[in-house]
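K.L.:
sequence first, then the predicted structure, then my questions.
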Amino acid sequence: AQSVTQLDSQVPVFEEAPVELRCNYSSSVSVYLFWYVQYPNQGLQLLLKYLSGSTLVESINGFEAEFNKSQTSFHLRKPSVHISDTAEYFCAVSALRSGNTPLVFGKGTRLSVIA
Amino acid sequence: GAGVSQTPSNKVTEKGKYVELRCDPISGHTALYWYRQSLGQGPEFLIYFQGTGAADDSGLPNDRFFAVRPEGSVSTLKIQRTERGDSAVYLCASSPQPGQGTNTEAFFGQGTRLTVV
(Lines give C-alpha, C1' and ligand atoms only; values in the text may rest on other atoms or scores of the structure.)
Protein backbone atom coordinates (compact mmCIF):
# COMPACT_ATOMS: atom_id res chain seq x y z
CA ALA A 1 0.00 0.00 0.00
CA GLN A 2 1.05 3.58 -0.57
CA SER A 3 0.52 6.79 1.39
CA VAL A 4 1.34 10.42 0.69
CA THR A 5 2.01 13.20 3.18
CA GLN A 6 1.85 16.85 2.22
CA LEU A 7 3.29 18.63 5.20
CA ASP A 8 1.74 22.06 4.61
CA SER A 9 -2.00 22.51 4.19
CA GLN A 10 -1.64 26.20 3.28
CA VAL A 11 1.27 28.19 1.88
CA PRO A 12 0.93 31.96 1.45
CA VAL A 13 3.68 33.59 -0.61
CA PHE A 14 4.26 36.99 -2.18
CA GLU A 15 4.26 37.37 -5.94
CA GLU A 16 7.68 36.77 -7.57
CA ALA A 17 8.97 34.97 -4.45
CA PRO A 18 10.16 31.34 -4.61
CA VAL A 19 8.01 28.54 -3.24
CA GLU A 20 8.45 24.90 -2.24
CA LEU A 21 5.53 22.56 -1.61
CA ARG A 22 6.62 19.47 0.24
CA CYS A 23 5.59 15.90 -0.48
CA ASN A 24 6.76 12.68 1.14
CA TYR A 25 5.49 9.22 0.37
CA SER A 26 5.57 5.74 1.80
CA SER A 27 5.38 2.56 -0.28
CA SER A 28 6.43 -1.08 -0.11
CA VAL A 29 6.93 -1.10 -3.90
CA SER A 30 8.44 1.30 -6.42
CA VAL A 31 6.12 4.09 -7.48
CA TYR A 32 5.38 6.65 -10.11
CA LEU A 33 5.02 10.20 -8.76
CA PHE A 34 2.73 13.02 -9.82
CA TRP A 35 1.73 16.56 -8.99
CA TYR A 36 -1.79 17.63 -9.89
CA VAL A 37 -3.15 21.17 -9.70
CA GLN A 38 -6.73 22.30 -9.13
CA TYR A 39 -7.43 25.92 -10.03
CA PRO A 40 -10.53 27.56 -8.50
CA ASN A 41 -13.73 26.07 -9.96
CA GLN A 42 -11.82 23.73 -12.25
CA GLY A 43 -11.01 20.00 -12.34
CA LEU A 44 -7.71 18.35 -11.48
CA GLN A 45 -4.98 18.79 -14.08
CA LEU A 46 -1.65 17.01 -14.30
CA LEU A 47 1.21 19.42 -13.60
CA LEU A 48 4.17 17.05 -13.91
CA LYS A 49 5.14 13.43 -13.39
CA TYR A 50 8.12 11.22 -12.68
CA LEU A 51 8.06 7.78 -14.28
CA SER A 52 11.74 6.99 -14.78
CA GLY A 53 15.01 8.52 -15.94
CA SER A 54 16.13 11.96 -14.77
CA THR A 55 15.02 12.63 -11.23
CA LEU A 56 14.33 16.30 -12.00
CA VAL A 57 11.13 16.91 -13.95
CA GLU A 58 9.73 20.20 -15.16
CA SER A 59 6.36 21.58 -16.18
CA ILE A 60 5.65 24.03 -18.99
CA ASN A 61 4.76 26.83 -16.55
CA GLY A 62 8.01 26.92 -14.59
CA PHE A 63 7.39 24.38 -11.82
CA GLU A 64 9.87 21.58 -11.18
CA ALA A 65 10.01 18.61 -8.85
CA GLU A 66 12.86 16.32 -7.88
CA PHE A 67 12.44 12.66 -6.99
CA ASN A 68 14.63 11.76 -4.00
CA LYS A 69 14.43 8.02 -3.42
CA SER A 70 16.51 7.98 -0.23
CA GLN A 71 14.30 10.62 1.38
CA THR A 72 11.12 9.33 -0.29
CA SER A 73 10.28 12.87 -1.33
CA PHE A 74 8.99 14.65 -4.43
CA HIS A 75 8.95 18.34 -3.48
CA LEU A 76 7.52 20.87 -5.92
CA ARG A 77 9.36 24.16 -6.49
CA LYS A 78 9.05 27.34 -8.48
CA PRO A 79 11.67 30.12 -8.37
CA SER A 80 9.17 32.96 -8.93
CA VAL A 81 5.41 32.59 -8.50
CA HIS A 82 2.62 34.53 -10.21
CA ILE A 83 -0.85 35.43 -9.02
CA SER A 84 -2.18 32.87 -11.51
CA ASP A 85 -0.40 30.06 -9.61
CA THR A 86 -2.95 30.39 -6.80
CA ALA A 87 -4.51 26.93 -6.60
CA GLU A 88 -4.65 23.67 -4.67
CA TYR A 89 -1.74 21.31 -5.38
CA PHE A 90 -1.95 17.56 -4.85
CA CYS A 91 0.94 15.13 -4.75
CA ALA A 92 0.08 11.56 -5.79
CA VAL A 93 1.73 8.19 -6.29
CA SER A 94 0.79 5.00 -8.07
CA ALA A 95 2.38 1.57 -7.84
CA LEU A 96 4.97 0.89 -10.52
CA ARG A 97 3.81 -2.03 -12.61
CA SER A 98 2.59 -2.69 -16.12
CA GLY A 99 -0.77 -1.18 -16.84
CA ASN A 100 -2.71 1.57 -15.18
CA THR A 101 -2.89 1.69 -11.41
CA PRO A 102 -5.00 3.95 -9.19
CA LEU A 103 -3.53 7.11 -7.73
CA VAL A 104 -3.07 7.67 -4.01
CA PHE A 105 -3.27 11.37 -3.19
CA GLY A 106 -2.06 13.57 -0.40
CA LYS A 107 -4.43 15.97 1.34
CA GLY A 108 -3.33 18.89 -0.79
CA THR A 109 -1.55 22.21 -0.25
CA ARG A 110 -3.37 25.45 -0.93
CA LEU A 111 -0.95 27.94 -2.49
CA SER A 112 -2.06 31.56 -2.15
CA VAL A 113 0.00 34.10 -4.06
CA ILE A 114 -0.26 37.61 -2.63
CA ALA A 115 0.24 40.72 -4.77
CA GLY B 1 -16.12 14.73 -26.25
CA ALA B 2 -12.98 16.67 -25.59
CA GLY B 3 -12.67 15.70 -21.95
CA VAL B 4 -14.17 13.60 -19.18
CA SER B 5 -17.77 14.62 -18.62
CA GLN B 6 -19.62 14.10 -15.36
CA THR B 7 -23.31 14.64 -14.76
CA PRO B 8 -24.94 16.13 -12.86
CA SER B 9 -22.49 18.77 -11.68
CA ASN B 10 -24.47 19.16 -8.47
CA LYS B 11 -26.89 16.81 -6.76
CA VAL B 12 -28.83 17.42 -3.56
CA THR B 13 -30.68 14.44 -2.15
CA GLU B 14 -32.42 13.49 1.04
CA LYS B 15 -30.96 11.03 3.49
CA GLY B 16 -31.99 7.49 2.62
CA LYS B 17 -32.54 8.14 -1.10
CA TYR B 18 -30.81 6.43 -4.02
CA VAL B 19 -28.54 8.40 -6.39
CA GLU B 20 -26.74 7.72 -9.65
CA LEU B 21 -23.73 9.68 -10.84
CA ARG B 22 -22.64 9.42 -14.45
CA CYS B 23 -19.20 9.58 -16.03
CA ASP B 24 -18.51 9.83 -19.75
CA PRO B 25 -14.77 9.21 -20.30
CA ILE B 26 -12.58 10.40 -23.12
CA SER B 27 -13.36 8.35 -26.22
CA GLY B 28 -11.08 5.33 -26.56
CA HIS B 29 -9.81 5.39 -22.97
CA THR B 30 -9.86 1.87 -21.57
CA ALA B 31 -9.29 2.69 -17.89
CA LEU B 32 -11.87 4.53 -15.77
CA TYR B 33 -11.54 5.51 -12.12
CA TRP B 34 -13.89 6.87 -9.48
CA TYR B 35 -12.58 8.94 -6.59
CA ARG B 36 -14.26 10.77 -3.72
CA GLN B 37 -13.01 14.08 -2.37
CA SER B 38 -14.30 15.25 0.98
CA LEU B 39 -13.83 18.82 2.17
CA GLY B 40 -10.21 19.56 2.99
CA GLN B 41 -9.01 16.17 1.79
CA GLY B 42 -7.33 14.81 -1.29
CA PRO B 43 -9.18 12.52 -3.69
CA GLU B 44 -9.71 9.03 -2.28
CA PHE B 45 -9.79 6.03 -4.63
CA LEU B 46 -13.08 4.12 -4.88
CA ILE B 47 -13.01 1.78 -7.91
CA TYR B 48 -11.11 1.21 -11.14
CA PHE B 49 -12.42 -0.32 -14.38
CA GLN B 50 -10.31 -1.77 -17.16
CA GLY B 51 -12.79 -2.15 -19.99
CA THR B 52 -16.11 -3.45 -18.67
CA GLY B 53 -14.79 -5.18 -15.58
CA ALA B 54 -13.92 -3.75 -12.19
CA ALA B 55 -10.18 -4.38 -11.86
CA ASP B 56 -10.03 -3.03 -8.31
CA ASP B 57 -13.00 -2.10 -6.09
CA SER B 58 -11.08 -2.10 -2.83
CA GLY B 59 -11.86 1.57 -2.19
CA LEU B 60 -15.63 1.25 -2.07
CA PRO B 61 -16.50 2.08 1.55
CA ASN B 62 -19.39 -0.37 1.96
CA ASP B 63 -22.04 -2.30 0.05
CA ARG B 64 -24.21 0.78 -0.42
CA PHE B 65 -21.78 1.84 -3.15
CA PHE B 66 -21.74 0.12 -6.53
CA ALA B 67 -20.46 1.05 -9.99
CA VAL B 68 -20.96 -0.34 -13.47
CA ARG B 69 -19.47 0.15 -16.91
CA PRO B 70 -21.51 -2.24 -19.06
CA GLU B 71 -20.16 -1.33 -22.50
CA GLY B 72 -16.65 -0.27 -21.51
CA SER B 73 -17.37 3.43 -21.97
CA VAL B 74 -19.86 5.32 -19.77
CA SER B 75 -19.85 4.45 -16.09
CA THR B 76 -22.45 4.97 -13.37
CA LEU B 77 -21.69 5.18 -9.67
CA LYS B 78 -24.70 4.15 -7.62
CA ILE B 79 -25.24 4.95 -3.96
CA GLN B 80 -28.11 3.36 -2.05
CA ARG B 81 -29.64 4.63 1.19
CA THR B 82 -27.53 7.77 1.14
CA GLU B 83 -26.16 9.13 4.41
CA ARG B 84 -25.02 12.64 5.30
CA GLY B 85 -21.44 11.33 5.44
CA ASP B 86 -21.65 10.51 1.73
CA SER B 87 -21.61 14.25 0.96
CA ALA B 88 -18.49 14.93 -1.11
CA VAL B 89 -17.29 15.67 -4.63
CA TYR B 90 -17.21 12.49 -6.68
CA LEU B 91 -14.50 12.58 -9.34
CA CYS B 92 -14.14 10.43 -12.42
CA ALA B 93 -10.94 9.99 -14.41
CA SER B 94 -9.96 8.04 -17.51
CA SER B 95 -6.68 6.87 -19.01
CA PRO B 96 -5.66 5.34 -22.32
CA GLN B 97 -4.16 1.85 -22.52
CA PRO B 98 -0.49 2.20 -21.55
CA GLY B 99 2.44 0.65 -23.34
CA GLN B 100 4.37 -2.26 -21.85
CA GLY B 101 5.96 -1.35 -18.53
CA THR B 102 4.62 2.20 -18.45
CA ASN B 103 1.83 4.16 -16.88
CA THR B 104 -0.29 6.88 -18.39
CA GLU B 105 -1.83 10.14 -17.26
CA ALA B 106 -5.28 10.14 -15.70
CA PHE B 107 -7.59 12.86 -17.06
CA PHE B 108 -10.15 14.09 -14.55
CA GLY B 109 -13.67 15.39 -14.94
CA GLN B 110 -14.96 18.39 -13.01
CA GLY B 111 -16.75 16.18 -10.54
CA THR B 112 -20.26 15.84 -9.14
CA ARG B 113 -20.88 17.63 -5.85
CA LEU B 114 -23.22 15.41 -3.85
CA THR B 115 -24.99 16.89 -0.83
CA VAL B 116 -27.10 14.65 1.38
CA VAL B 117 -29.50 16.59 3.59
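P.N.:
Received, thanks. Numbers count the residues shown, from 1 in each chain, chains lettered A, B, ... in the order given.

K.L.:
now the closest residue to chain B within chain A. Nearest residue, chain neighbours left out?
P.N.:
With Cβ to the nearest Cβ, the shortest gap between chain A and chain B falls at A:Phe105, namely 3.4 Å. All C-beta spots, glycine's among them, are computed from the backbone N, C-alpha and C. Nearest non-adjacent residue to A:Phe105, counting by Cβ to Cβ, 6 or more residues apart in numbering or on different chains: B:Gly42, 3.4 Å away.

K.L.:
who does B:Thr76 bridge with?
P.N.:
Beta-bridge partners for B:Thr76, by DSSP bridges, are B:Arg22, B:Val68.

K.L.:
and it, how far from chain A?
P.N.:
19 Å (Cβ to the nearest Cβ, to the nearest Å).

K.L.:
same question for B:Glu83.
P.N.:
Taking Cβ to the nearest Cβ, one finds B:Glu83 at 23 Å from chain A.

K.L.:
quick one: list the elements packing against the worst-scoring helix or strand of chain A on mean pLDDT.
P.N.:
The weakest-scoring helix or strand in chain A, judged by mean pLDDT, DSSP states H and E, is strand A:56-58 (a mean of 87). Contacts defined by 3 or more Cβ pairs under 8 Å, 6 or more residues apart in numbering or on different chains; DSSP states H and E place strand A:56-58 against strand A:45-50, strand A:64-68.

K.L.:
could you check the angle strand A:64-68 makes with the first one?
P.N.:
If I follow you right, that is strand A:45-50. If you take axes from the mean of the first three to the mean of the last three Cα atoms, to 10 degrees, strand A:45-50 sits at 40 degrees to strand A:64-68.

K.L.:
picking that back up, any chance of the helices and strands packed on strand A:56-58 in a markdown table with mean pLDDT, distance to A:Leu111 and mean neighbour count as columns?
P.N.:
Converted to a markdown table, these look like this (pLDDT from 0 to 100; distance: least, Cβ to Cβ, whole Å; neighbours: other Cβ atoms under 10 Å in any protein chain shown):
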| stretch | mean pLDDT | distance to A:Leu111 | mean neighbour count |
| --- | --- | --- | --- |
| strand A:45-50 | 92 | 11 | 18 |
| strand A:64-68 | 94 | 14 | 18 |
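
K.L.:
got a markdown table for those strands, with distance to chain B too?
P.N.:
Below are the helices and strands packed on strand A:56-58 laid out as a markdown table (distance: least, Cβ to the nearest Cβ, whole Å):
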| stretch | distance to chain B |
| --- | --- |
| strand A:45-50 | 5 |
| strand A:64-68 | 14 |
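
K.L.:
before we move on, the earlier item: tally of neighbours for the residue nearest to A:Phe105?
P.N.:
23 (other Cβ atoms under 10 Å in any protein chain shown).

K.L.:
residues from chain A in reach of chain B?
P.N.:
Chain A comes close to chain B at residues A:4, A:6, A:9, A:32, A:36, A:42-46, A:49, A:51, A:90, A:92, A:94, A:96, A:98-108, as judged by Cβ under 8 Å from any Cβ of the partner chain.

K.L.:
which of these are buried, as a PyMOL select command?
P.N.:
A single PyMOL command suffices to select whichever of these are buried according to 16 or more other Cβ atoms under 10 Å in any protein chain shown:
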select buried, chain A and resi 4+6+32+36+43+44+49+51+90+92+94+96+99+100+101+102+103+104+105+106+107+108
